[in-house]
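>>> mind looking at a prediction? Sequence and model below.
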Amino acid sequence: MNKTFSLLFFVKRCKVISNGTAPIYLRITIDGKLTELAVKRYILPDKWNSQAQKVNGNSEEIRAINAYLKAVEQQVYEAQYQLLKDRVVVTAGVLKQKLVGSDERQRMLIPIFQDHNRKIETLIGDEFSPSTHKRYCTSLKHTVDFLKWKYNVSDIAICKIDHAFITEFEFYLRSIRKCNNNSAVKYIRNFGKIIRICIANSWLDKNPFVNYKTKVKEVERVFLTEEEIQTTASKVFATDRLNQVRDIFLFSCFTGLAYIDVKKLTKNNITIGIDGEKWIYTNRQKTETRSNIPLLPMAEEIIAKYKGHPQCLNENKLLPVLSNQKMNSYLKEMADVCGINKELTFHIARHTFATTVTLTNGVPIESVSKMLGHKNLRTTQHYAKILDRKVSDDMKLLRKKYTNVPSELIKGKSVG
């Protein structure tokens, strides 16, 4: 049962039309939350009695309007009673939908989510990657499981999604699904996109994410040191497949390209740059930003090594790249063989390029950001924060400079 319930008829003076009349609106307030709807009647604003909530006058037209307002008021109470009888939680939004007759065709959450995911699947390779589609499918599954866990239903009307729904969903992800902070935040943000679609289509009056705040925690980025790169490069593995995976991984270490961007490279992406050397010219699939990268000797050697590989010739690819799942599986095996005590994934190669290969060797962060295809410098600065070794190397030079400073420069006598 609702704690507070009130109705208020008023004239919306800001919507005066050409003949000088303004529309009458009804404001419904339930438990502090309100909604408004037009009652489809217009009057001269100065004729409105706000205290009595009716039109002043005694003409037949005015009496008809006042009678109509009374009838609307009665409809509201009848609609509220019917909802309570049906054991529906009565909110201002639900009651409004009942009054305008849309309760029988109210929009449900899951079909909207499914339609969104189908559109992403259709655009894989053009605007979205397979991983993006997979992430939204996982988000949909979590949403369906949450509805079953919390409400024991398979779907829910979008008008019932409020702030409490969002916070309960987050609690479910953290407690029942055991998601870490960043995973939970990403799933909630994916769900938020569906809500934004509903708002953009005027299917929702209010955004349930208002006053909801969450934040992705910065995680420490793993990367290979120079010694680990050398160990990996010099190691001869027992199988050709491991050697191949190692080479593709090192290629990314020396170009900074993500897995999907390496996979789609062709010979056409290699061009002579303004310095007369070979460059890679490509667009990042994730952000559609341009990445222009001068080829380092190691990367050139790897390209030359696989120039005649059957997969490269048959598929017109620069390198024979396996599936991301297989690459990551072999990389874990490679790390064990090389004695690298890190959870190797292909994306670590990109981190290695940003840290060990470029920033540590004095490449300006602006150049690194451009090669990585970052849209803003803040993204690249995350890598700069973890380069204690670079600070150490820089300070060694300063330490040497001051090692032979004459003792006379230090004024005063010894203490004690």
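Received it, and whenever you're ready, just let me know what you need. Numbering: from 1, shown residues only.

>>> could you use CA atoms for every contact and neighbour count after this?
Noted.

>>> can you give me the helices in the stretch 101-250 of the chain?
109-122, 130-151, 163-175, 181-200, 226-234, 240-253 (DSSP state H, counting those that start in this stretch).

>>> could you list every helix and strand in contact with the third one?
Where contact means 3 or more CA pairs under 8 Å, 6 or more residues apart in numbering; DSSP states H and E, helix 163-175 is packed against helix 130-151, helix 181-200.

>>> quick one: closest of those helices to Glu168.
helix 130-151 (8.3 Å; CA to CA).

>>> list the buried ones in the closest one?
In terms of neighbour count (16 or more other CA atoms under 10 Å), helix 130-151 has its buried residues at 132-133, 136-137, 139-140, 142-147.

>>> could you find the closest non-adjacent residue to Val94?
Spatial nearest neighbour of Val94, excluding adjacent residues (CA to CA, 6 or more residues apart in numbering): Cys159 at 6.6 Å.

>>> quick check, that neighbour in contact with Gly93.
Yes: contact between Cys159 and Gly93 holds when scored by CA atoms under 8 Å: they sit 6.6 Å apart.

>>> how about the contacts made by the residue nearest to Val94?
93-94, 107, 204 (CA atoms under 8 Å, 6 or more residues apart in numbering).

>>> any chance of these in JSON lines, plus neighbour count?
Converted to JSON lines, these look like this (neighbours: other CA atoms under 10 Å):
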{"residue": "Gly93", "neighbour count": "21"}
{"residue": "Val94", "neighbour count": "21"}
{"residue": "Arg107", "neighbour count": "17"}
{"residue": "Leu204", "neighbour count": "19"}
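
>>> out of the residues you listed, who's nearest Cys312?
Closest to Cys312, out of all of those and judged by CA to CA, is Arg107, at 49.1 Å.

>>> measure the closest one to Cys198 for me?
9 Å (CA to CA, to the nearest Å).

>>> what do you get for Val153?
Between Val153 and Cys198 the computed distance is 20 Å (CA to CA).

>>> of those two, who's got more company?
For the pair Val153 and Cys198, the greater number of neighbours falls to Cys198 (20 against 12), based on other CA atoms under 10 Å.

>>> give me the nearest residue to the more buried one, chain neighbours excluded.
Cys198 sits nearest to Leu204 (CA to CA, 6+ apart), 5.8 Å away.

>>> that neighbour touches Ile194, doesn't it?
No: at 11.2 Å, Leu204 does not count as touching Ile194 under the criterion of CA under 8 Å.

>>> now do the shared contacts for these two.
By CA under 8 Å, 6+ apart, no residue touches both Leu204 and Ile194.

>>> in contact with the residue nearest to Cys198, which residues are there?
By CA under 8 Å, 6+ apart, the neighbours of Leu204 are 158-159, 198.

>>> of those, closest to Gln75?
Gln75 has its nearest neighbour among the contacts of Leu204 in Cys159, at 20.4 Å by CA to CA.

>>> ok, that closest one to Val90 distance?
With CA to CA as the criterion, Cys159 and Val90 are 11 Å apart.

>>> again with Glu300
Taking CA to CA, one finds Glu300 at 67 Å from Val90.

>>> between these two, which has more neighbouring residues?
Shown here are Glu300 and Val90; by other CA under 10 Å, Val90 has more neighbours (20 against 14).

>>> my read: that one touches Leu83, true?
Yes: if you go by CA under 8 Å, Val90 and Leu83 touch, sitting 6.6 Å apart.

>>> next SSE after the top strand by length along the chain?
Assignment by DSSP state E gives strand 33-43 as the longest strand of the chain. Sequence order places strand 48-49 as the next helix or strand after strand 33-43, per DSSP states H and E.

>>> got the contact list for the helix or strand following that following strand?
Counting by DSSP H and E, the next helix or strand C-terminal to strand 48-49 is strand 54-55. Residues from elsewhere that reach strand 54-55, judged by CA under 8 Å, 6+ apart: 9, 43, 47-49, 62, 65-66, 69.

>>> got the domain ranges for this structure?
Using automatic domain parsing, the domains assigned to the chain come out as 5-104, 109-200, 226-384.

>>> need the ones you listed in CSV (columns: mean pLDDT).
CSV is the format used below for the domains of the chain (pLDDT from 0 to 100):
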stretch, mean pLDDT
domain 5-104, 88
domain 109-200, 91
domain 226-384, 89
